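Chemist: fold the following and give me the result.
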Amino acid sequence: MRYNSPSTQLALLSVVLLLTTVIRRLLGNYLLQEIPTDLNPVYDSYLPTSLIACLSGFVGIFLVNLVGARAIIFAYALTSVLFCSSIVSGYKTDDLVFYKVATIIDAIGYDFGRVATLVLVLAYPSERWKARSLALFLFMEQISMTLGDLIVMRDSGSDTTRFRVSIFALCLNCLAPIFALAIAPAHKIVRSNGVYLIARESNLREELCGIVAIFKNKYMLLLLPYMFSYPFLFGAANVPFPSILAIILYDIGRIFVMLMSLMLDVPWSNRRVRSLVSMGMLVVFTAVSAIVTLVIRERTVDKSGIDPSWSDMKANNYIFDLVIKKDGPLLYTSYFFAGVASSFVELYGFWVIGTLTNDIKTSARFVGTYLSVMSIGGLVGYQLVKNIPHKYTTSNIPTYISTSLTAVSFVMLYFVVRRISDTNDWTLGSIDAHNSRADLSTESVTIVADVKYQHLDE
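Modeler: I've put the predicted structure just below:
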């Protein structure tokens with residue numbers, strides 16, 4: 001493989017993520033068992049987490065377009081090393097201030113890195129591999145989470161063992177910045193048919209205008225409810241995971257993202273038909289997930305055994321024990337379908353963005369906005385129900401509102417999907433590599449890019 005080929009660069013990106021995100025998700029629960037959550041602003045409260053994710057998504061747009069995706073991925077690798085160092089320090093000292101600060105910095109770095117990663121995964125693969133590449137990167141995250149949950153269930157380990165594992169994780173993380181530096185700048189990537197990828201120069205003023213323009217684009221406005229609604233539904237439903245089995249079923253459901261990627265990529269029909277059939281799958285699984293959740297909420301359980309002096313956590317655990325005894329199979333089924341639906345929603349949204357544009361600047365703006373709006377949806381949903389007593393088994397207005405909004409968002413999404421066609425190819429979004437470098441000016445690239453993306457501005 002050529003160094004400047006998209007496949008080589010995606011392989012380098014995969015190695016970076018294996019050494020950072022995958023290692024963290026694989027060993028995160030195992031290593032953090034003994035660290036007090038009340039000292040962790042990210043794991044202790046959903047509000048700070050969502051606010052960081054929301055702001056980081058929008059800021060990530062500027063950074064990816066101004067300094068480049070490679071620099072952002074390198075910075076994420078460094079924040080991951082900092083985070084692992086803080087875990088090692090936490091095992092050796094009683095002072096967790098370093099861990100607390102490193103956690104905040106790493107949360108921001110992770111969100112920046114995710115914007116950069118998704119931008120490259122959308123831009124580098126050919127159209128017939130776009131969904132599968134996205135699914136593969138999402139699969140890497142989910143399978144590591146599932147294996148991590150199994151590790152915790154199998155053996156909690158001693159403090160000495162976890163300390164040694166944290167040292168091993170830190171050593172692996174230290175390799176990530178090296179591979180991140182090996183990633184080539186986007187404008188040097190040459191496809192096998194001899195064309196360069198679009199990587200136009202940008203400045204702060206142009207990016208500010210670009211962010212404003214996003215919310216004036218009619219197709220982006222049609223996508224916004226879709227970006228917001230399912231995280232809003234998930235946050236409003238706010239179903240916790242009462243056991244390791246529930247977590248595993250949810251993670252297994254998310255692995256089914258590979259099924260949709262094949263439906264989108266394999267050329268069994270034209271791209272519009274494939275996208276509409278996949279959207280039908282998305283609607284069915286999301287509807288089943290929502291319906292099962294609402295059915296469980298409508299079931300009544302005897303709450304007379306709850307002592308008023310109990311904490312909310314103890315009361316909710318008591319209620320869940322009753323629900324499991326009464327409707328255990330239905331409850332666990334809801335976790336599986338929730339996992340399938342959430343993975344389908346995420347993959348399909350990013351695939352639609354990648355199909356409408358392969359320009360890196362435009363893609364960064366769409367991806368950053370998508371991630372931020374998703375965080376806003378989850379934040380709003382959770383904040384609306386957090387003070388409702390026994391909210392996990394009691395129907396409430398936010399749940400019905402979020403379910404209705406999700407249904408409406410699919411209708412609006414349809415008007416975007418129907419514009420997808422087989423004429424959106426890479427030829428119009430690239431520059432001939434045999435041309436002189438003088439011809440690869442920002443102006444000439446912009447002209448070629450506008451040919452493909454003119455329908456986005458209609």
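
Chemist: any idea how far residue 88 is from residue 113?
Modeler: Remark: distance between residue 88 and residue 113 (C-beta to C-beta, to the nearest Å) = 21 Å. Yep, even glycine has a C-beta here, placed from its N, CA and C like the rest.

Chemist: the two: which is more packed in?
Modeler: The neighbour comparison of residue 88 against residue 113 (other C-beta atoms under 10 Å) goes to residue 113, with 27 against 17.

Chemist: element containing the closest residue in space to residue 288 that isn't next to it in sequence?
Modeler: Distance criterion C-beta to C-beta, 6 or more residues apart in numbering; nearest residue to residue 288, sequence neighbours excluded, is residue 337 at 5.1 Å. Assigned by DSSP states H and E, residue 337 falls within helix 312-356.

Chemist: strands along this protein, start to end?
Modeler: 195-197, 430-432 (DSSP state E).

Chemist: mean pLDDT lowest for which of those?
Modeler: Mean pLDDT values for the strands of the chain show the minimum at strand 430-432, a mean of 33.

Chemist: list the contacts of residue 226.
Modeler: 345, 349, 409, 410, 412, 413 (C-beta atoms under 8 Å, 6 or more residues apart in numbering).

Chemist: at 10 Å instead, please
Modeler: Residue 226 is in contact with 282, 345, 348-349, 352, 370, 373-374, 377, 405-406, 408-413, 416, counting by C-beta atoms under 10 Å, 6 or more residues apart in numbering.

Chemist: pLDDT wise, what is residue 350 at?
Modeler: 87.

Chemist: burial of it, as a residue count?
Modeler: 24.

Chemist: was I right to think it contacts residue 368?
Modeler: No: using C-beta atoms under 10 Å, residue 350 is not in contact with residue 368, being 11.9 Å away.

Chemist: where are the low-confidence patches of the stretch 51-200 of the chain?
Modeler: 53, 95, 149-150, 152-157, 191-200 (pLDDT under 70).

Chemist: one more time with 90, if that's ok
Modeler: 51-70, 83-84, 86-170, 184-200 (pLDDT under 90).

Chemist: can you check the stretch 301-450 of the chain too?
Modeler: Across the stretch 301-450 of the chain, residues meeting the criterion (pLDDT under 90) sit at 301-346, 349-406, 415-450.

Chemist: switch to 50 and redo it
Modeler: Applying pLDDT under 50 to the stretch 301-450 of the chain flags residues 425-450.

Chemist: let me know the pLDDT of the nearest residue to residue 410 once chain neighbours are set aside.
Modeler: Excluding its sequence neighbours, the residue lying closest to residue 410 (C-beta to C-beta, 6+ apart) is residue 283, at 5.5 Å. pLDDT recorded at residue 283 is 92.

Chemist: quick one: contacts for residue 283?
Modeler: Residue 283 neighbours (C-beta under 10 Å, 6+ apart): 341, 344, 406, 407, 410, 411, 413, 414.

Chemist: gap between the first one and residue 23?
Modeler: For residue 341, the distance to residue 23 (C-beta to C-beta) stands at 28 Å.

Chemist: out of those two, which sits in the busier spot?
Modeler: residue 341 (26 against 21).

Chemist: where's that one relative to residue 263, distance?
Modeler: 15 Å.

Chemist: ok, now residue 132?
Modeler: 10 Å.

Chemist: just the helices in the stretch 101-250 of the chain please.
Modeler: Secondary structure of the stretch 101-250 of the chain (DSSP state H, counting those that start in this stretch): helices at 130-154, 159-182, 204-214, 218-237, 244-255.

Chemist: can the ones you listed go into a markdown table with extra columns for distance to residue 67?
Modeler: Formatted as a markdown table, the helices of the stretch 101-250 of the chain follow (distance: least, C-beta to C-beta, whole Å):
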| stretch | distance to residue 67 |
| --- | --- |
| helix 130-154 | 22 |
| helix 159-182 | 13 |
| helix 204-214 | 11 |
| helix 218-237 | 24 |
| helix 244-255 | 32 |
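
Chemist: please identify the deepest-packed of these.
Modeler: helix 218-237 (a mean of 23; mean count of other C-beta atoms under 10 Å).

Chemist: relative orientation of it and helix 312-356 in degrees?
Modeler: 160 degrees (axes from the mean of the first three to the mean of the last three C-alpha atoms, to 10 degrees).

Chemist: average pLDDT across helix 218-237?
Modeler: pLDDT averaged over helix 218-237 gives 82.

Chemist: that helix: how far from the chain's middle?
Modeler: Computed by C-alpha atoms, centre = their mean, to the nearest Å, the chain-centroid distance of helix 218-237 equals 14 Å.

Chemist: equivalent analysis for stretch 57-66, please.
Modeler: 16 Å.

Chemist: now list the buried members of the contacts of residue 226.
Modeler: Buried members of these, counted by 16 or more other C-beta atoms under 10 Å: 282, 345, 348-349, 352, 370, 373-374, 377, 405-406, 409-410, 413, 416.

Chemist: list just the nearest of those residues to residue 308.
Modeler: residue 377 (34.0 Å; C-beta to C-beta).

Chemist: just give the nearest non-adjacent residue to residue 51, would you?
Modeler: Residue 51 sits nearest to residue 379 (C-beta to C-beta, 6+ apart), 7.2 Å away.
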